[in-house]
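Enquirer: How does the following fold in three dimensions:
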Amino acid sequence: MDTPDDPGSDTTRWTDEEIETMKKTLVEFGTDWRKLSEKINTKSDLQCRNFYFNFRKKYGLDALVQDYKKVWPLNEWTILNTIGKFRFIA
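Expert: Numbers count the residues shown, from 1 in each chain. All right, here's what the predicted structure looks like:
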């Protein structure tokens, strides 16, 4: 599989699968570009960020990030509780 670091690989075009993964991952992680690029292992952090800002209206990406923000405190509480760490969110 090509990765963003492979010379000669064409990683500028986004496949339908990459776009769907981006949309699902935005709901899961918000605009954490590093986590997005880890899930879409063919795109760099910068490519994910650029895609978001260039296509946010076309694919309704802002609404997906808002969905993430609605449940984010719950997600963080669940993660921290699972690993035995508790933190108050101000």
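
Enquirer: Report the contact partners of residue 37.
Expert: 4, 43-45, 47-48 (C-beta atoms under 8 Å, 6 or more residues apart in numbering). (C-beta placed from N, C-alpha, C; glycine too.)

Enquirer: Residue 17: which of these is nearest?
Expert: Closest to residue 17 out of the contacts of residue 37 is residue 43 (11.6 Å), distances taken as C-beta to C-beta.

Enquirer: how much space between the nearest residue to that closest one once chain neighbours are set aside and residue 47?
Expert: Nearest residue to residue 43, sequence neighbours excluded (C-beta to C-beta, 6 or more residues apart in numbering): residue 37, at 5.5 Å. According to C-beta to C-beta, to the nearest Å, residue 37 and residue 47 sit 7 Å apart.

Enquirer: From the contacts of residue 37, which one has the minimum pLDDT?
Expert: pLDDT across the contacts of residue 37 is lowest for residue 4, at 45.

Enquirer: List the contacts of stretch 49-68.
Expert: Counting by C-beta under 8 Å, 6+ apart, 14, 19, 22-23, 26-31, 33, 43 sit against stretch 49-68.

Enquirer: The residues you listed into TSV, with extra columns for neighbour count and distance to residue 68?
Expert: Converted to TSV, the contacts of stretch 49-68 look like this (neighbours: other C-beta atoms under 10 Å; distance: C-beta to C-beta, whole Å):
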residue	neighbour count	distance to residue 68
14	18	20
19	16	17
22	22	13
23	14	11
26	25	6
27	15	5
28	15	7
29	18	7
30	18	4
31	16	8
33	19	13
43	24	19
